[in-house]
Each structure stands twice: as C-alpha cells, then as structure tokens.
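Student: Next input, structure requested:
(one chain, ligands or ions: 1)
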Amino acid sequence: MTQHLPTGEQLTFGAATASYQIEGATTADGRGVSIWDTFAATPGATRDGKDGSVACDSYHRYTEDADLVAGLGVDYYRFSVAWPRVMPAGTGAVEERGLDYYDRLVDALLERGVTPTGTFYHWDLPQALEDKGGWLERDTALAFVDYALAVHERLGDRVKVWATHNEPWCAAYLGYAAGVHAPGRREGGQAHRAAHHLMLSHGLVAQALHEAGNRDVGIVLNLAPIWPEPGTPAEAADGVDAVRNRVWLDPLVDGEYDAGLLRVAPELADPDLVRDGDLALIRGSADWLGINYYTPVRPGPVVPTPDGEERHPETDAYPGVPPVTFHVREPRTHIGWEVESSGLEELLVETHRRTGLPLMVTENGAAYADQTWVDGPDGRHVDDQDRVAYLRDHIAATERAREAGADVRGYIVWTLLDNFEWAEGYTKYFGIVHVDPDTQDRTPKASYRWLQERLRG
Ligand code: FCB
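Tutor: Below you'll find the model as predicted:
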C-alpha cells in the first residue's frame with residue numbers, strides 16, 4: 001500500500017474517526033477550548049446533554065484503536081487533527097504536546113502497517129477564533145493556513161494524503177444557519193459567507209501544500225443526490241442542489257458561483273466577501289474529492305397546515321431557498337436517515353462526470369440501535385446484521401459506480417468506534433466496534449468481523 005492516494009486498480013478500504021468524537025482529554029496537554037466544547041455545554045444542545053470531554057478516550061487509548069484498525073485489515077485510517085490541540089488560541093503559539101499526540105498516533109498506525117490519512121478540520125474550531133466571528137470572518141481562513149502548515153510540517157513526512165475540510169456544508173449551514181451544530185448560530189444567509197471562507201481556506205491550504213510538494217490534497221464533501229418529490233417547485237429543488245452541492249463543486253471545478261446559486265445566496269455576489277482571485281485560487285485546487293454519503297435528499301412541496309405554518313426545520317439549513325419539505329422514505333436507520341444505496345452509486349458516477357477527479361468514499365455507515373448481543377467464539381458481541389447489510393449494499397454500490405466508469409479509489413467506513421455523535425450525543429451508534437461508556441472496553445461487532453472476512457477475501 002502506497003502512502004499516496006490509492007491508484008484505483010482495485011477498491012481499497014479504510015476506517016474513519018474524528019478528533020472531537022473520540023479523543024476526549026479536552027483539557028490535556030494545553031489543548032484550547034473548541035466551539036464543540038462550548039456548544040455541547042449549552043443546555044439542550046445535545047440530545048443527552050453530554051459532550052466530548054471523555055468520548056472514547058482515544059487520546060490515551062490510541063494504541064488499542066490502532067490495533068483494532070490493523071486487525072480489521074483495512075489499508076488506511078482516516079483521522080482528524082484538533083486545531084485547538086495544535087494552536088490553542090487559534091493563531092500564534094504552537095502547542096508541541098498536541099502535535100506529539102498525532103505524532104504518536106501516526107507512528108502507531110505505521111508500525112502496524114496502516115496508512116494514516118489526515119483531515120485538518122472536522123469541526124473543532126478554536127473558541128478564540130469563534131469569539132472573533134468564526135467562519136463568518138476572512139481572518140479565520142487565513143489562520144487555518146498557519147495551523148494546517150504547522151501540522152503538515154510535523155506529520156507531512158509520514159502522512160501524505162490530506163483533506164482540508166470535512167463536510168463544510170455542516171460547518172457552514174448547520175453551524176451558522178440552522179444552529180444545530182457548533183457554534184449554534186442562526187444567521188440565515190450569513191452562513192453563505194462561512195461557506196465561502198471555508199472554501200477559500202481550502203484553496204489557500206491546498207496552494208501551500210502544493211508548494212510544499214504535496215499532490216494529494218483533497219476536500220471531503222457531503223454531497224447528496226437531490227431527488228425531488230412530485231410537485232416540488234423547480235426553484236426550490238434547484239436551490240437545495242445549489243446549497244448542498246454546487247456551492248462547493250462550482251468553485252472547485254469552474255471557479256465560479258453560478259446564477260442559480262446566486263439567486264438563493266446573493267451574499268456570494270458581494271465583492272468584499274468574494275475578492276478578486278478567490279475563485280481562481282479555489283478552481284482546480286483539489287487533487288481528489290472525498291464523498292461522505294449516508295442518504296439521499298428528497299425535497300418536496302410545502303403543504304399548508306391549518307395554522308399556516310409552512311416552514312420545515314431543515315429549511316433553515318438551506319438559507320435563501322424557497323420553502324420546501326424534506327421527505328424520508330423507509331427503511332430508515334436509527335438516526336432516521338433513509339437507506340438507499342443506489343444514491344451512492346448515482347452520486348459517485350455523477351460527481352466523477354462533473355469533476356473528473358479521483359474520488360474516495362470518505363464516510364459511509366449506519367446508526368442502529370444495537371440491542372442484540374450474542375455469544376461468539378471471541379465472546380459476547382453486538383450482532384448488528386442490519387449494519388452488515390447496510391455496509392454490504394453500499395460497498396456493492398461503490399463497486400457498481402466503478403464499473404460504470406467512476407474513478408473511485410477507496411471506501412472508508414464510518415466509523416471505527418461508537419462515539420460522540422454531535423447533537424445526538426451518545427445516543428446513536430455508528431461504530432463497527434462497541435465502546436462501553438463506563439469501562440471504555442472496545443468490543444468488535446458482527447459488522448467488524450464481516451468486514452474483516454470480506455477484506456481477507
Ligand atoms: C457525518 C460526519 C461524521 C459523523 C457522521 C455520522 O456528517 O462527518 O462526523 O457524525 O456524519
């Protein structure tokens with residue numbers, strides 16, 4: 001296994017996690033406060049009122065986790081770096097002890113024959129930067145470059161494949177419009193400013209890494225197939241597509257924000273926001289594209305209710321888009337997301353056609369209630385046959401997309417461990433390994449064993 005982006009001769013496999021969801025140890029070794037520490041401490045912000053202060057304690061148990069990844073038999077492990085561990089105040093002084101942790105993690109993986117791939121930003125912005133306006137401010141994009149370069153300087157000799165951002169749609173629109181993710185702001189169309197600054201920061205970091213000789217810089221997007229229900233107004237369906245997909249793809253591929261997007265996001269026509277050279281910088285800046293897929297998006301027409309309430313809560317995450325409803329068909333996972341593997345196939349084929357870029361499925365997986373425990377040769381474990389079926393069908397969809405010509409290099413399962421699932425707290429389990437919240441004992445589920453067998457061929 002090369003340390004660079006896989007060549008794609010055959011589909012390769014990985015497992016993913018994210019810093020705030022698994023590390024815990026949020027005050028260890030000089031780590032600064034992140035927006036997720038602050039947000040999760042806000043009453044009502046997470047379903048169970050819990051936060052990531054302990055999570056899976058991977059900060060201390062990373063060797064055990066590296067053993068699990070190696071035992072699974074995957075080629076690589078996708079982890080993210082916590083900005084507040086590396087630059088506690090968001091800018092300025094580097095906390096070497098924070099970098100030491102990732103250094104140890106990377107070495108632990110390499111020693112076990114697993115290739116580490118890093119993500120610079122999986123949503124844990126230093127609170128100090130949010131206090132100055134967060135992603136609504138251009139300075140945050142500039143600060144991101146210094147942070148990413150500090151990480152790259154320390155790890156870049158061993159970690160070659162980098163993603164700048166994970167799901168900037170969530171960071172911008174769930175964070176600054178819907179307010180259901182950190183920093184929990186409900187600023188409507190201002191969230192489009194966050195989207196631009198996230199993309200700008202991607203472009204700046206890609207440029208800096210390219211200058212440092214790296215040609216494996218990507219970005220991870222939660223693009224979605226948009227499947228309008230009958231009767232959905234065309235402008236509404238187009239608006240959903242624009243805010244979910246095109247706001248990222250258009251600047252990356254064409255170096256522009258298109259007319260349909262500007263209709264719903266007039267903020268992006270502001271020359272003080274989108275400055276000369278920004279779009280040219282972003283265009284062509286990604287060497288590969290990561291796609292996180294869980295479920296299709298089905299906008300539907302608004303049905304007036306007796307009290308005239310027409311607004312659908314998810315509409316808040318699509319500021320400027322004409323009112324729509326969002327439909328979710330059966331079957332659904334425990335988090336309420338529709339299971340439809342053909343959406344992944346379509347998305348991969350379509351995104352490859354649109355971008356021509358090498359693709360990685362950087363996340364795919366499912367939350368299930370995991371109530372069934374059985375005895376097996378290795379002891380008691382969760383018998384998550386529903387998750388096995390989900391993974392099997394989505395890996396098959398990925399293979400079909402490859403057969404249809406999409407250049408998909410890898411499939412990375414979300415996620416290694418049951419962990420802190422953002423606003424859902426510890427109530428939704430996506431792990432292929434069960435984690436006991438009291439003892440931190442890790443127990444591979446049937447899905448882990450299934451994937452292990454599949455990889456053994
Ligand atoms: C994605 C996130 C990831 C995880 C999964 C379920 O949106 O990137 O951290 O929470 O959803």
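Student: max-length helix in the chain?
Tutor: helix 191-211 (DSSP state H).
Student: Near the ligand, which residues of this protein? Just list them.
Tutor: 18, 21, 166-167, 170, 222, 292, 363, 414, 421-422, 430 (C-beta under 6 Å from any ligand atom). In this view, the C-beta of every residue, glycine as well, is placed from N, C-alpha and C.
Student: The residue nearest to residue 239 when sequence neighbours are not counted and residue 57, how far apart?
Tutor: Nearest non-adjacent residue to residue 239, counting by C-beta to C-beta, 6 or more residues apart in numbering: residue 321, 3.4 Å away. Using C-beta to C-beta, to the nearest Å, residue 321 is found at 41 Å from residue 57.
Student: If you count surrounding residues, which of the two has more?
Tutor: Set residue 321 next to residue 57 and count neighbours by other C-beta atoms under 10 Å: residue 321 wins out with 23 against 17.
Student: Can you name the residues that contact that one?
Tutor: Each residue near residue 321 by C-beta atoms under 8 Å, 6 or more residues apart in numbering is listed here: 236, 239-240, 242-243, 264, 315.
Student: what do you get if the cut-off is 7 Å, keeping everything else the same?
Tutor: By C-beta atoms under 7 Å, 6 or more residues apart in numbering, the contact list for residue 321 reads 236, 239-240, 243, 264, 315.
Student: ditto for residue 63
Tutor: So residue 63 contacts residue 108 (C-beta under 7 Å, 6+ apart).
Student: give me that answer again for 10 Å
Tutor: 104-105, 108-109, 111-112 (C-beta atoms under 10 Å, 6 or more residues apart in numbering).
Student: Show me where this structure dips below the pLDDT cut-off.
Tutor: Along the chain, the parts satisfying pLDDT under 70 run over 1-2, 308-311.
Student: so is the nearest residue to residue 379 once chain neighbours are set aside in a helix, a strand, or just coil?
Tutor: Closest residue to residue 379 apart from its sequence neighbours, by C-beta to C-beta, 6+ apart: residue 443 at 7.4 Å. Per DSSP: H, G, I helix; E, B strand; the rest coil, the local secondary structure of residue 443 is strand.
Student: Thought residue 382 was touching residue 443, still the case?
Tutor: Yes - in this structure, residue 443 is within contact of residue 382 by C-beta atoms under 10 Å, at 7.3 Å.
Student: Quick check: neighbours shared by the two?
Tutor: 373, 418, 431, 433-434.
Student: Closest to the ligand out of those?
Tutor: The closest of these to the ligand turns out to be residue 431 (C-beta to the nearest ligand atom; 10.5 Å).
Student: so residue 225 sits right up against residue 338, yeah?
Tutor: No - counting by C-beta under 10 Å, residue 225 does not reach residue 338; the two are 11.2 Å apart.
Student: Identify the contacts common to those two.
Tutor: Residues touching both residue 225 and residue 338 by C-beta under 10 Å, 6+ apart: 295-298.
Student: in the protein, which spans are strands?
Tutor: 12-16, 76-80, 115-121, 162-166, 217-221, 288-292, 298-300, 325-327, 359-363, 373-376, 379-382, 408-414, 433-435, 442-444 (DSSP state E).
Student: Show me what the fifth one is packed up against.
Tutor: Meaning strand 217-221. Judged by 3 or more C-beta pairs under 10 Å, 6 or more residues apart in numbering; DSSP states H and E, strand 217-221 is in contact with strand 115-121, strand 162-166, helix 168-169, helix 191-211, helix 247-253, strand 288-292, strand 359-363.
Student: Now neighbour count too, for the contacts of residue 321, in TSV please.
Tutor: Below are those laid out as TSV (neighbours: other C-beta atoms under 10 Å):
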residue	neighbour count
236	22
239	26
240	26
243	25
264	23
315	22
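Student: ok, whichever residue of the stretch 1-150 of the chain sits closest to the ligand - contacts?
Tutor: Closest to the ligand within the stretch 1-150 of the chain is residue 18: 4.7 Å, counting by C-beta to the nearest ligand atom. Contact analysis of residue 18 by C-beta under 10 Å, 6+ apart lists 52, 78-82, 119, 121-124, 166-167, 363, 414-415, 419-420, 422.
Student: how close does it sit to residue 178?
Tutor: In terms of C-beta to C-beta, residue 18 sits 19 Å off from residue 178.
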